[in-house]
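[1] Turn this into a model:
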Amino acid sequence: MGTPVVTGALLQCSFGVAPSTLNVIPAARVMAEKKPMASIMDNIAIANIPPFGVCSSLANPITAAQTAAALGVLTPGTCVPVIPAPWVPGSTSVMVGKKPALTDSSTCMCAYGGAISIKISGAFQETLG
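    Model prediction:
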């Protein structure tokens with residue numbers, strides 16, 4: 001069970017400094033509260049998951065280079081999410097275009113080590129069974 005996630009949901013990365021907003025391309029034509037619903041495959045960097053301001057992970061090459069140039073003082077670099085896998089877990093009972101629906105308890109990982117979570121689902125009245 002959980003709340004469906006729709007376009008406009010508020011996201012946060014554990015290494016990012018600013019929240020971001022989920023963009024759902026309405027190809028599946030499944031709506032909740034008149035907004036396109038997300039599936040676990042809405043994990044494409046930039047298209048679905050915009051940057052989170054700057055990134056403080058030393059696994060990010062930009063942050064690593066800027067930190068080295070600052071003689072070891074952590075200097076966050078530009079955030080460009082790299083998402084190698086879908087969101088997990090998805091809904092066990094609701095499908096969006098033959099893919100499990102994204103719920104507010106789903107997370108995904110950035111290749112630079114950040115955990116991306118859903119802070120506000122964007123849907124306020126509906127719940128998934």
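[2] Any idea which helix or strand in the protein has the lowest mean pLDDT?
    strand 31-32 (a mean of 78; mean pLDDT, DSSP states H and E).
[3] quick one, helices of this structure?
    Secondary structure of the chain (DSSP state H): helices at 61-69.
[4] Flag the shaky bits of it, pLDDT-wise.
    Applying pLDDT under 70 to the chain flags the ranges 1, 125-129.
[5] Which parts of it are strands?
    5-13, 20-21, 31-32, 35-36, 54-55, 77-78, 95-96, 99-100, 107-109, 115-122 (DSSP state E).
[6] So in that sheet, which strands flank the least confident helix or strand of the chain, and in what orientation?
    The partner list of strand 31-32 in its sheet, established with DSSP bridges, is strand 35-36 (antiparallel).
[7] ok so, going back, which one of the strands of the chain lies nearest to Ala64?
    When these are compared by Cβ to Cβ, strand 77-78 sits nearest Ala64, at 7.7 Å. The way it works is simple: take the backbone N, C-alpha and C, and place the C-beta from them, glycine included.
[8] neighbouring strands for the closest one, and are they parallel or not?
    The strands that strand 77-78 pairs with in its sheet are strand 54-55 (antiparallel) (by DSSP bridges).
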